[in-house]
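> Need coordinates for the following:
(one chain, ligands or ions: 1)
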Amino acid sequence: MPDDRPKMGPSTRSVHGGEPRIKAASAITNPIFQTSTFVFENLAEIQAFAASRNAGAPSRFEYGRYGNPTEQAATAKLVALEGGEDGILFASGMAAATVTLLGLLSAGDHMVITDEAYKKTREFAIKDLKRFGIACTVVPPDDYDAMAAAIRPNTKVFFTETPTNPRLWIIDLPRVAAFKQDHPDLVVVVDSTFGTPINIQPLALGADVALHSVTKYLGGHNDVLGGAIVGSKDVIGRIRPMHQTLGTIMDAHCAYLLIRGLKTLAIRVARHNENAQRVAEFLEAQERVTRVYYPGLASHPQHDLAARQMTGFGGVVSFDVGASQEDTFRFIEALKIPYLGPSLGGVESLVYHPASLTFDRYTPEERAAIGITDTLVRLAIGIEDADDLIADLDQALGQV
Ligand SMILES: *Cc1c(COP(=O)(O)O)cnc(C)c1O
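Okay, here's the model as predicted:
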């Protein structure tokens, strides 16, 4: 897993990062090791292996739930992209989030989570962890005094997400990391799914763990489910035992597809960024559209912060169609290029109506309080031609 080459640019790291120069059978790609277990020559080899594992540095593979060479190769590539020391791949983004929290927290501990974090993560932190004696405080994503005030002596995790979903709020990561000065035990976990290692490097900005749903940009083709964390050897080492016990490993075939996705990550993200910027600017210029949420727009309230800590603004654009809910539905259904569905980060554009699916169980008042109006539309921009996407939006807006 160690990569002793100097740290190169993001495109070079996408293609070559974490890879041994010479691979099995001299193949240029990493093979899929479709195996559930690994065999030993004799008992002496087993005993030598057990000794190495007990010393914290397993000398080889043992059993599929603990690791697989394809999964290890994919991990190494992501670790190289994030600039961390170690990482873990999971069967889903939610497996990454839940195992990370279970690995870092014990009964009697407390965590802080910023509002507008992924709904399932928030529910796990607030409801499920409570059953195990772990308390959670939700803080607004823009109130740093409230964040500081929420941290108690027993607060072990600060969990945040940037940009947030669906309104693309930006959290100032160096400012959050500064909370560790007064709370040295605090672990800052950043769900960087919307950011990607191409647009933002949470670890370099002071976070301890960068977390991803690789289902989104890292896989990039709407064909895998997976999750990942990257951080220091120490913090990842604290989470790994829970991962191995719960059996949340990414399977080898998925890991192969992830490696393939990561190879084109830098060029895909550049295109997502470019397309989303153009679409956001187009939407902002439309009289019908009352509000566009995109950190790359000068009108975004945190544009300067986004420009300071990100090198690109991502592929998700949310906006309010200034019309009735009926008209909003007509607009969405008139679109010919984006598919209608949840998720983001794939080559295909997707359109989504947050009030109908993610926030459907909230009352209209609760939705209004968090800005999820019935006319809010989320576009996950793919890598199609921006001109075609804009022409499609234009004709669909014409139906409103
Ligand atoms: C999709 C998503 C998740 C959950 O990931 P799964 O792979 O669906 O389990 C977590 N966080 C964010 C920001 C996401 O977009």
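> From here on, just use CA atoms for contacts and neighbour counts.
Will do.
> What residues does the chain have near the ligand?
By C-alpha under 6 Å from any ligand atom, the residues of the chain that approach the ligand are Ser92, Gly93, Met94, Tyr118, Thr193, Phe194, Ser213, Thr215, Leu225, Gly226, Gly227.
> Show me which of those residues is closest to Ala51.
Nearest to Ala51 among these, counting by C-alpha to C-alpha, is Gly227 at 30.3 Å.
> Nearest spatial neighbour of that closest one, chain-adjacent residues omitted?
Among residues not flanking Gly227 along the chain, Gly93 sits closest, at 3.7 Å (C-alpha to C-alpha, 6 or more residues apart in numbering).
> That neighbour and Ala391: what is the separation?
34 Å (C-alpha to C-alpha, to the nearest Å).
> So if I had to pick from those two, which one is more boxed in?
Higher neighbour count among Gly93 and Ala391: Gly93, with 24 against 15, using other C-alpha atoms under 10 Å.
> tell me the pLDDT at that one?
pLDDT, Gly93: 98.
> Contact partners for Leu101?
Leu101 sits next to Val157 when contact means C-alpha atoms under 8 Å, 6 or more residues apart in numbering.
> in what helix or strand does it lie?
Taking DSSP states H and E as the definition, Leu101 sits inside helix 93-104.
> In this structure, what residue comes closest to the ligand?
Here the chain gets closest to the ligand at one residue, Gly93, 3.4 Å apart by C-alpha to the nearest ligand atom.
> Could I get the full set of helices for the stretch 151-300 of the chain?
Listed in chain order, the helices found in the stretch 151-300 of the chain under DSSP state H, counting those that start in this stretch are 173-177, 196-199, 233-246, 252-263, 265-284.
> Okay, domains of the protein per the record?
Here the domain parsing of the chain from automatic domain parsing is 8-33+68-263, 265-397.
> and of those domains, who's closest to Glu62?
Checking the domains of the chain against Glu62 by C-alpha to C-alpha gives domain 8-33+68-263 as the closest, at 8.7 Å.
> What separates the first and last residues of the closest one, distance-wise?
Span of domain 8-33+68-263 from end to end, C-alpha to C-alpha: 14 Å.
> And stretch 83-95, by the same measure?
End to end - C-alpha to C-alpha - stretch 83-95 spans 22 Å.
> Point out the least confident one among the residues of the chain next to the ligand.
For the residues of the chain next to the ligand, the weakest pLDDT value sits at Tyr118, with 94.
> That residue and Arg240, how far apart?
Plainly put, Tyr118 is 23 Å away from Arg240 if you go by C-alpha to C-alpha.
> Likewise for Ser14?
25 Å.
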